[in-house]
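Student: Turn this into a structure:
(one chain, ligands or ions: 1)
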Amino acid sequence: MKMGVNRRTGLSWFLTSWKAQDDPGTGNFSCRIDPTGYPQLILYDGDAPRWRGGSWTGRRWTGVPEMTRSFIINTSYVDNSEEISLTNGVTVDTVLMRMTLDEFGLVHRSTWNEEEKKWIEFWSAPIEWCDSYNRCGLNSNCDPYNADQFQCKCLPGFEPRSSQNWFLRDPSGGCIRKRSNATCRSGEGFVKVSRVKVPDTSTARVDKSMSLEACERACVNDCNCTAYTSANETTGTGCMMWYGDLVDTRSYAHVGQDLYVRVDAIELAQYAQNSIRHPTKKVIAIVIVSFVALVLLVTSLIYLWKTTRKRRDRSTSLSLNCGEFPNLKEFDESRTSSDLPVFDLLTIAKATDNFSLINKLGEGGFGAVYKGKLINGEEIAVKRLAKNSGQGVGEFKNEVNLIAKLQHRNLVRILGYCVKNEEKMLVYEYLPNKSLDSFIFDESKRVLLDWKKRFEIICGIARGILYLHQDSRLKIIHRDLKASNILLDADLNPKIADFGMARIFGQDQIQANTNRIVGTYGYMSPEYAMEGLFSVKSDVYSFGVLILEMIMGKKNTNYDSSYLNLVGHVWELWKLDNVMELVDSSLEESSCGYEIMRCLQIGLLCVQEDPTDRPTMSTVIFMLGNEVGLPSPKKPAFILKRKYNSGDPSTSTEGPNSINDLTISIISAR
Ligand SMILES: Nc1ncnc2c1ncn2[C@@H]1O[C@H](COP(=O)(O)OP(=O)(O)OP(=O)(O)O)[C@@H](O)[C@H]1O
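Tutor: Numbering: from 1, shown residues only. Sure, this is the predicted structure:
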């Protein structure tokens with residue numbers, strides 16, 4: 001298969017997606033070699049880049065680290081005045097291979113399995129959050145191997161354009177130079193960023209005959225040069241230089257190119273100091289850094305003196321002496337990800353004692369959940385999905401594999417899945433402390449959660465939702481956040497469960513089964529319950545209800561007032577400045593009244609009637625973590641008990657409710 005462009009005729013060979021799986025009309029996505037600047041493989045969504053395979057490094061695309069020597073594809077890359085192309089062949093004649101671009105904008109490489117008579121995928125892109133084009137904004141690096149931290153980092157010498165947005169995990173503003181007036185000064189050098197997909201090369205300049213050393217000299221002597229690397233990874237030769245902003249860099253665990261980013265002398269000295277940890281080396285480093293600082297001081301003084309003199313002499317030429325510094329290695333962690341294991345039905349049946357009633361943990365809207373124990377002693381929870389989901393096996397596997405890529409300490413971990421005929425099952429880690437509702441709504445167990453623990457749980461849930469909404473590559477709206485969907489591990493850390501159900505049971509399946517439960521009364525936002533409109537703000541609403549329930553130790557729906565539900569009662573007492581009266585009595589001893597009040601206020605902000613008034617999850621996390629002033633909440637939605645609520649969905653409609661082309665099923669209380 002050949003992809004590329006004939007430079008003379010402009011004829012291009014590329015992949016285009018279908019409109020849908022059953023509609024071969026021209027879809028939105030295309031994957032092509034773009035000859036602009038230094039040629040790159042780019043996946044487009046319309047005209048906008050969606051993923052960048054990047055430039056050819058001599059043996060692979062810079063953004064496809066899987067293309068190693070053992071890669072069974074035989075490639076031949078051509079870049080001359082006639083054409084620019086890559087031809088893929090296979091090294092083994094018996095292997096049948098294909099590359100496809102599906103209607104969701106994913107490129108797949110698969111091989112034909114003769115025994116099973118089906119295509120087996122062995123590679124696809126984009127997969128990770130960091131794969132999205134320019135994910136972290138300009139002059140940044142997306143590093144997926146820092147599980148607990150924000151994946152976006154500014155490149156050396158840069159800082160976030162907006163530190164507040166960056167803190168709130170919105171990297172779209174990108175990064176700017178720390179000292180913008182300090183470029184092209186004496187003592188500048190480069191910091192090496194190891195194992196990366198190098199930035200977009202559509203504006204890069206390349207000289208294939210230069211050595212890497214010459215490349216460094218050329219870059220340092222050109223004030224506009226912002227970074228360089230070798231153009232050929234195999235030989236380590238050739239020179240690729242960037243001018244201006246660096247776009248779409250990301251880290252890899254094991255392979256990748258070394259990018260040398262221009263930094264000023266201060267930054268360079270800091271990197272030198274940080275990179276040396278050994279005590280004797282540290283002393284040497286301090287001596288070197290002090291010496292460098294002295295040299296810098298002297299050269300700056302000379303420079304100052306020279307420029308003033310030159311200005312005085314009305315001389316127009318300015319000559320700068322940019323010093324050279326050793327390249328420095330950046331430390332990074334390694335981690336790999338793989339596809340989700342497939343469990344066979346027999347293993348699961350054995351582990352759950354044939355789905356015995358004794359092992360049944362409960363039953364939810366998507367099916368029953370069983371506890372199981374694998375032969376190696378590992379405890380699991382198996383969710384046996386209702387049979388009539390209407391979803392195809394291939395589609396289910398795809399979704400599960402996508403969802404498996406979502407990893408966060410506040411999400412329940414999926415260990416694998418099982419598909420056999422009608423049966424579809426998801427295997428999760430088993431969480432011994434069951435769900436949050438079994439604690440907060442139980443008089444005797446509630447006391448086990450003091451305020452400190454409850455606050456930690458609230459923050460953990462918030463972080464998990466933020467990950468689903470913003471930080472994961474799928475952007476998932478949970479749609480059924482509630483106390484019974486928050487599981488607690490052995491240390492009572494919260495883990496959101498059922499987060500993939502919203503996707504696995506997509507719109508079509510919901511349409512096909514009008515009894516499907518897609519939300520729970522008491523936690524559903526008004527716009528979702530009444531109009532079927534859901535967004536990240538509907539999850540914020542449910543989260544708000546959850547906060548109030550955790551503070552009051554009472555269920556929103558089973559509340560013992562005559563006509564108000566819990567949210568309504570909290571609101572009434574909030575207006576009277578008397579809300580502490582309602583707080584769970586086991587928290588009364590707590591000396592954290594102020595913190596509890598703040599949390600209450602955040603909860604009320606989340607349940608406001610108008611979704612645009614509700615904060616986003618990133619703002620919620622900011623408000624939880626910082627003592628910033630909080631806005632006054634407006635009246636919440638659904639404050640009356642169900643039978644008094646004119647907007648109660650269960651009394652107003654039954655069956656599907658189609659508004660704005662969105663069909664949802666209407667729920668009843670459980
Ligand atoms: N990974 C797990 N470890 C331990 N218990 C679990 C696990 N997953 C689910 N459970 C338990 O299984 C029961 C059923 O869970 P499930 O999520 O199917 O239903 P639900 O949360 O009650 O309702 P819904 O389907 O609306 O979310 C719950 O009591 C829950 O505590």
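
Student: Kindly export stretch 457-471 (C-alpha atoms) in CSV.
Tutor: Taking C-alpha atoms only, stretch 457-471 is exported to CSV below (Å, rounded to 0.1, in the frame of the first residue of the first chain):
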residue,chain,number,x,y,z
ILE,A,457,-13.9,11.2,49.6
ILE,A,458,-15.6,14.3,48.1
CYS,A,459,-12.2,15.5,46.6
GLY,A,460,-11.5,12.0,45.3
ILE,A,461,-14.9,11.8,43.5
ALA,A,462,-14.4,15.3,42.1
ARG,A,463,-11.0,14.3,40.7
GLY,A,464,-12.4,11.1,39.2
ILE,A,465,-15.3,13.1,37.5
LEU,A,466,-12.8,15.7,36.2
TYR,A,467,-10.8,13.0,34.7
LEU,A,468,-13.8,11.6,32.9
HIS,A,469,-14.9,15.0,31.7
GLN,A,470,-11.7,16.6,30.7
ASP,A,471,-8.5,14.7,31.3
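
Student: element containing the residue nearest to N113 when sequence neighbours are not counted, please.
Tutor: Leaving aside its chain neighbours, N113 sits nearest to I120 (4.9 Å; criterion: Cβ to Cβ, 6 or more residues apart in numbering). The C-beta positions use only the backbone N, C-alpha and C, and glycine is treated the same way. I120 is part of strand 118-125, with elements assigned from DSSP states H and E.

Student: What's the mean pLDDT across stretch 593-602?
Tutor: For stretch 593-602, mean pLDDT rounds to 91.

Student: and that stretch, how far from the chain's centre?
Tutor: In terms of Cα atoms, centre = their mean, to the nearest Å, the centre of stretch 593-602 is found 30 Å from the chain centre.

Student: coming back round to it: remind me what the strand holding I120 packs against, helices and strands.
Tutor: Helices and strands touching strand 118-125, by 3 or more Cβ pairs under 8 Å, 6 or more residues apart in numbering; DSSP states H and E, are strand 107-113.

Student: can you do 10 Å?
Tutor: strand 48-55, strand 97-101, strand 107-113, helix 393-404 (3 or more Cβ pairs under 10 Å, 6 or more residues apart in numbering; DSSP states H and E).

Student: List the buried residues for that strand?
Tutor: W119, S124, A125 (16 or more other Cβ atoms under 10 Å).

Student: shouldn't the residue nearest to N113 be in contact with W112?
Tutor: Yes. Judged on Cβ atoms under 10 Å, I120 makes contact with W112 at a distance of 7.8 Å.

Student: Between those two, which contacts overlap?
Tutor: Here I120 and W112 have no joint contacts, going by Cβ atoms under 10 Å, 6 or more residues apart in numbering.

Student: what's the pLDDT at whichever residue of the chain sits closest to the ligand?
Tutor: Evaluated by Cβ to the nearest ligand atom, the chain has G364 as its residue closest to the ligand, separated by 2.2 Å. If you check G364, the pLDDT there is 78.

Student: again, but for P656
Tutor: 30.

Student: One more: S586?
Tutor: In this prediction, S586 has a pLDDT value of 85.

Student: just M99 next, same as before
Tutor: At M99, the pLDDT recorded in the model is 91.

Student: residue contacts, it?
Tutor: M99 makes contacts with M1, M3, L15, C31, I73, N88, V107, H108, R109, S110, W123, S124, as judged by Cβ under 10 Å, 6+ apart.

Student: So what sits opposite it in the bridge?
Tutor: For M99, the beta-bridge partners under DSSP bridges are R109.

Student: What residues does the chain have near the ligand?
Tutor: 361-362, 364-366, 369, 381, 383, 412, 428, 430-431, 434-435, 480, 484-485, 487, 497-498, 517, 520 (Cβ under 6 Å from any ligand atom).

Student: quick one: low-confidence parts of the stretch 501-650 of the chain?
Tutor: By pLDDT under 70, the weakly predicted segments of the stretch 501-650 of the chain are 505-519, 559-563, 589-590, 639-650.

Student: how about L448, secondary structure?
Tutor: What DSSP: H, G, I helix; E, B strand; the rest coil gives for L448 is coil.

Student: Would you list the phi and psi of it?
Tutor: Here the main-chain torsion angles of L448 (degrees, to the nearest 10) amount to phi -70, psi -20.

Student: Verify the stated contact: it with I457.
Tutor: No. Look at L448 against I457 with Cβ under 10 Å: they stay out of range, at 11.7 Å.

Student: what's the top strand by length along the chain packed up against?
Tutor: The strand that spans the most residues within the chain, counting by DSSP state E, is strand 23-34. Counting contacts by 3+ Cβ pairs under 10 Å, 6+ apart, strand 23-34 is packed against strand 2-6, strand 12-13, strand 15-20, strand 40-45, strand 48-55, strand 83-90, strand 97-101.

Student: Return the distance of the last one from the chain's centre.
Tutor: When you say that, I think you mean strand 97-101. With Cα atoms, centre = their mean, you get 26 Å for strand 97-101.

Student: cool, and the third one?
Tutor: For strand 15-20, the distance from its own C-alpha centre to the chain's C-alpha centre is 26 Å (Cα atoms, centre = their mean).

Student: Would you mark the buried spots in stretch 150-169?
Tutor: Those would be 151-158, 160-161, 165-166, 168-169, for stretch 150-169 by 16+ other Cβ under 10 Å.

Student: Ok, stretch 604-617 next?
Tutor: For stretch 604-617, burial by neighbour count (16+ other Cβ under 10 Å) applies to L604, L605, C606, V607, Q608, E609, P611, R614, P615, T616, M617.

Student: repeat for stretch 58-70
Tutor: Burial within stretch 58-70, assessed by neighbour count using 16+ other Cβ under 10 Å, is assigned to R60, W61, T62, G63, V64, P65, M67.

Student: Go through these and name the one nearest V92.
Tutor: Comparing the buried residues of stretch 58-70 against V92 with Cβ to Cβ picks out M67 as the nearest, at 16.4 Å.

Student: rewinding a little: mind putting the buried residues of stretch 150-169 in TSV, secondary structure, pLDDT and distance to I266 included?
Tutor: Output for those, formatted as TSV (DSSP: H, G, I helix; E, B strand; the rest coil; pLDDT from 0 to 100; distance: Cβ to Cβ, whole Å):
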residue	secondary structure	pLDDT	distance to I266
Q151	coil	90	26
C152	strand	93	23
K153	strand	93	19
C154	strand	95	15
L155	coil	96	16
P156	coil	94	12
G157	coil	93	9
F158	strand	94	13
P160	strand	93	18
R161	coil	92	20
N165	helix	86	25
W166	helix	86	21
L168	coil	81	28
R169	coil	83	28
